[in-house]
Structures are given as C-alpha cells and as structure tokens.
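S.K.: Fold the stuff below for me.
(chains A, B and C)
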Amino acid sequence: MEVVDKIITLEKESLKVFVDSIYLKESKLKLDGSMMSNGLDAGVVGQQNGSTNVQGGGQEESKTNLIVNYLPQTMTQEEIRSLFSSIGDVESCKLIRDKVTGQSLGYGFVNYHRPEDAEKAINTLNGLRLQNKTIKVSYARPSSEAIKGANLYVSGLPKNMTQQDLESLFSPYGRIITSRILCDNITVRQFVTGAGENLPGLSKGVGFIRFDQRMEAERAIQELNGTIPKGSTEPITVKFANNPSNNNKAIPPLAAYLAPQATRRFAGPIHHPTGRFRYSPLAGDLLANSMLPGNAMNGSGWCIFVYNLAPETEENVLWQLFGPFGAVQSVKVIRDLQTNKCKGFGFVTMTNYDEAVVAIQSLNGYTLGNRVLQVSFKTNKSKTT
DNA sequence: CGACGGGACGC
DNA sequence: CGACGGGACGC
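M.R.: The predicted model follows:
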C-alpha cells in the first residue's frame, strides 16, 4: 500500500513538471507565431509554399503526411487515429506491423487532408509522453530505396563528446535524421528534469547517426571511419548499424507470440476486472460505481470523467494528462455548440482498469493552471434522460 | 457556485 | 569491447 502511494506521489511530481513543460512549450509557440518545430526534431524541412516540401535530394516531401515514431508497443492503429484526429481530419492512418507476428513495429504514418493540421500535429504531439515512450512526430519523407539502411553505428567516441559534437562531425556528409549517444544510466526521463536531479549519465562512447540518404551514410563511413576526432587520441569506428529485425533479441521464446498485445487485441478488456480488484482497498470505492452497466466500462475500455477544465481546453491536454498512465483509446472535450468553448468537462477512455485507477488516483485533485481537477470514473448522470 | 457526451451499430 | 528507451519509409 505504501509503495503504491509512493508511486502515485512520484507520478504526480513528475506529472506536474511535465505539464509545466507543456505549458512552456505552448506559450513559446504562441510567442513566435507557430511554424516552429518544437526543438526535439532537428531535421524537418521548412518549405512554406505549395503543397510539398522540397528537400536536398530534389524529392518532394508531402506537407500532409507524417511519420510517427517510438509508439508504445500496445498502441493500436485506431488509437493512433484517435490521437491524431484530435488535431484535424485524418485522411489515412497506418500502423506498421511485423508481417508474421503482427506485432507493432513502433511506427506508423498519418496523412491529413490539410497541411496546417499536419503542422499543428507536429507542434502539439511531437514529444508527447505515452506510457513509457516519448513519441516523435515529423514529416514523412517520400518513400524510396535511397533512404533505407542509412543508419550508422559509431564507436570509439571520446567520452566527453556531446550529441551536438557528434552531429557537427557528421553533418558535412548529409542531412541527419536522428542522432544519439548511449549513456550508462538510463535517466532519459526528459520531462522530469525540472527538479534538477537528472545527471546526463556517462557516455559509453557509442552512438548512432541516421542520415536521410544511404549514399550520405556511405560517404560518412568512407570519410570518418578510422579517423581521430579533434581533441581525441583514439580513432572512431563508423559502420552501418545492425538491422533491428535480425536482432539477437534473446530468442523470442514462444511466449512473445502469444503475449500481451496479441491476445489483448482479440480478447478485449473483459479479462481486466478480475476478482483481485474487487477486494482492493485502493480501488474499492472506484469500482463500486463503475461496475454498473452503461457506466465507466463500455465494453471497449473504461470511461473517465474529468471535471473543471478551462474553457480553452483542447483534446491534446487530455492526451498529455492521461497518456503517461497507460493505454488511452480516446479523449473528448465537451464544448458548447455556440461558443465552441469547453463546458468544463471531458471524457477519457482507457483500455486497462488498473491503469485507469492509477490515472484517477493521480489526477484527481491535481491543479491544472489554477483549477483543481476532479477525476473519476464516468457515472450515469445525464441532462436529457 | 458549477458536475457526466454524442454519434449512432450493418446487412 | 560496445547496438539504443526506441524497429524511420508503408512488412
């Protein structure tokens, strides 16, 4: 029990800092009048005219088509659609799955009807924390053979080399899509840094660079492999990174094929409200109201009522608030039909009962802006019945 | 102070 | 020596 309380308290702490950082981000966007990618992504081309971006290779880049990376393993295509539909009308949405196991490959594509919605999605959803992931949202490049296999593995880096240093070293050879230096301690909770306790972790001297074009990567290998960076004494190794699909991932021992996601997709949430929750002191009161038919559990998840939202609240706020706690299926801000302002409440549907309970425990009483939220399972109350 | 949606099953 | 938190081009 104490442990649970502590976890929840911790979640609240990190959530506060996290939400603060969101507000910082948003106000920053307002100040410079949008158009900025929010700093997590270095590689987005910013062409403003016409319906396409033009990039270095002379290829046209869609202004409506996005690639979404680092999605939580359990997130379905429909949940992704739900998330991105909160920005604007989605033309198509595709989650990429392994063709034999059906497992999510952790990335997908979202194509909007309108370029401005795609831009807004990047500005508001890139960097969003969902479960244990921080998603990346950026423009998709035109699909082609030339951009495949452009990921490099670099070792022998001086320990004091930063990610920026690494990019400076490689940027002469092409457009860098992502870069990374591996560190020892796993403190990549980037939104918890407000408390100041986040030591960077010691570099392992190993990193990755993904270029836009394979040719760029090849050239970087030719030019940089075996060279000694300025200020270092050791030559670096630059080679193509292993393909994650041929990975030696500890032999997927048969369980992986039947484990969480695969079964959950077909079994639905029915198996969640097992007896162990019924007798939990923590969940008892919450459950009492929510087990009535037509209430919180609607067959495809647990509906949560969120009260005391500001009039300007948009869907992304609910995603930001609830996303870290687990699988969120959908969110809805209830608005006045005339003014289009939030009527002070909204709904969030989460897939898993225990995650919903933790979200409620953590967010009920949470101060958002200058308002204290009230969060609970949805009840049957209704004006018109 | 205030407080629980809405589009809608598909033949 | 080393392979990421994390599978970036439609599986």
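S.K.: hey, let's count contacts and neighbours off CA atoms from now on
M.R.: Will do.
S.K.: Enumerate every residue touching the nearest residue to A:Phe377 once chain neighbours are set aside.
M.R.: Closest residue in space to A:Phe377, ignoring its immediate chain neighbours: A:Ile304 at 4.3 Å, by Cα to Cα, 6 or more residues apart in numbering. Neighbour list for A:Ile304: A:Ala296, A:Phe347, A:Val348, A:Thr349, A:Met350, A:Ala356, A:Ile360, A:Val375, A:Ser376, A:Phe377, A:Lys378 [criterion: Cα atoms under 8 Å, 6 or more residues apart in numbering].
S.K.: same question, A:Glu91
M.R.: Taking Cα under 8 Å, 6+ apart as the criterion, A:Glu91 is in contact with A:Val110, A:Asn111, A:Tyr112, A:His113.
S.K.: Toward the C-terminus, what is the element adjacent to the host helix or strand of it?
M.R.: Here A:Glu91 sits within strand A:90-97, counting by DSSP states H and E. Of the helices and strands lying after strand A:90-97 in sequence (DSSP H and E), the nearest is strand A:104-112.
S.K.: going on from that following strand, what's the next piece of helix or strand?
M.R.: Stepping forward along the backbone from strand A:104-112, the first helix or strand reached (DSSP H and E) is helix A:115-125.
S.K.: I'd like the average pLDDT over that following helix.
M.R.: In this model, helix A:115-125 has an average pLDDT of 97.
S.K.: Residue of the stretch 101-250 of chain A nearest DNA strand B, please.
M.R.: Per Cα to the nearest atom of the strand, A:His113 is where the stretch 101-250 of chain A lies closest to DNA strand B, at 18.8 Å.
S.K.: Surely that residue and A:Cys93 touch.
M.R.: No: A:His113 is beyond contact range of A:Cys93, at 11.5 Å (criterion: Cα atoms under 8 Å).
S.K.: circling back: so which bits of the strand holding A:Glu91 are buried?
M.R.: Applying a neighbour-count criterion of 16 or more other Cα atoms under 10 Å, the buried positions in strand A:90-97 are A:Val90, A:Cys93, A:Lys94, A:Leu95, A:Ile96.
S.K.: Can I take it that the residue nearest to A:Phe377 is in a helix?
M.R.: No: inclusion of A:Ile304 in a helix is not indicated when DSSP: H, G, I helix; E, B strand; the rest coil is applied; the result is strand.
S.K.: Against DNA strand B, how distant is it?
M.R.: A:Ile304 sits 7 Å away from DNA strand B, taking Cα to the nearest atom of the strand, to the nearest Å as the criterion.
S.K.: just A:Val358 next, same as before
M.R.: Applying Cα to the nearest atom of the strand, the value for A:Val358 to DNA strand B is 17 Å.
S.K.: What's the local residue count around that residue?
M.R.: Neighbour count for A:Val358, taken as other Cα atoms under 10 Å: 21.
S.K.: Assign it to helix, strand or coil.
M.R.: Assigned by three-state DSSP, the conformation of A:Val358 is helix.
S.K.: Surely it is in contact with A:Phe325?
M.R.: Yes: distance between A:Val358 and A:Phe325: 7.1 Å, which falls inside the contact criterion (Cα under 8 Å).
S.K.: hmm, who's touching stretch A:207-215?
M.R.: For stretch A:207-215, using Cα under 8 Å, 6+ apart, the contacting residues are A:146-155, A:157, A:167, A:170, A:174-182, A:217, A:241.
S.K.: so where's the stretch 1-150 of chain A uncertain?
M.R.: Judged against pLDDT under 70, the low-scoring parts of the stretch 1-150 of chain A cover residues A:1-59.
S.K.: Tell me which stretches of it form helices.
M.R.: Along the stretch 1-150 of chain A, the segments classed as helices by DSSP state H, counting those that start in this stretch run A:2-31, A:77-85, A:115-125.
S.K.: same for the shortest one, what does it pack against?
M.R.: Read it as helix A:77-85. Contacts of helix A:77-85 with other secondary structure elements, assessed using 3 or more Cα pairs under 8 Å, 6 or more residues apart in numbering; DSSP states H and E, are made with strand A:90-97, strand A:328-335.
S.K.: Contacts for it, please.
M.R.: Applying Cα under 8 Å, 6+ apart, the set of residues contacting helix A:77-85 is A:Val90, A:Cys93, A:Lys94, A:Leu95, A:Val110, A:Ala121, A:Trp319, A:Val328, A:Gln329, A:Ser330, A:Val331.
S.K.: one more time with 7 Å, if that's ok
M.R.: With contacts defined as Cα atoms under 7 Å, 6 or more residues apart in numbering, helix A:77-85 is touched by A:Cys93, A:Lys94, A:Leu95, A:Gln329, A:Ser330.
S.K.: The contacts of stretch A:207-215 in strands, which ones?
M.R.: A:Asn151, A:Leu152, A:Tyr153, A:Val154, A:Ser155, A:Ile176, A:Ile177, A:Thr178, A:Ser179, A:Arg180, A:Ile181, A:Leu182 (DSSP state E).
S.K.: With the flanking residues excluded, which residue is spatially nearest to the fifth one?
M.R.: In other words, A:Ser155. The shortest distance from A:Ser155 to any residue that is not its chain neighbour, by Cα to Cα, 6+ apart, is 4.4 Å, and that residue is A:Val206.
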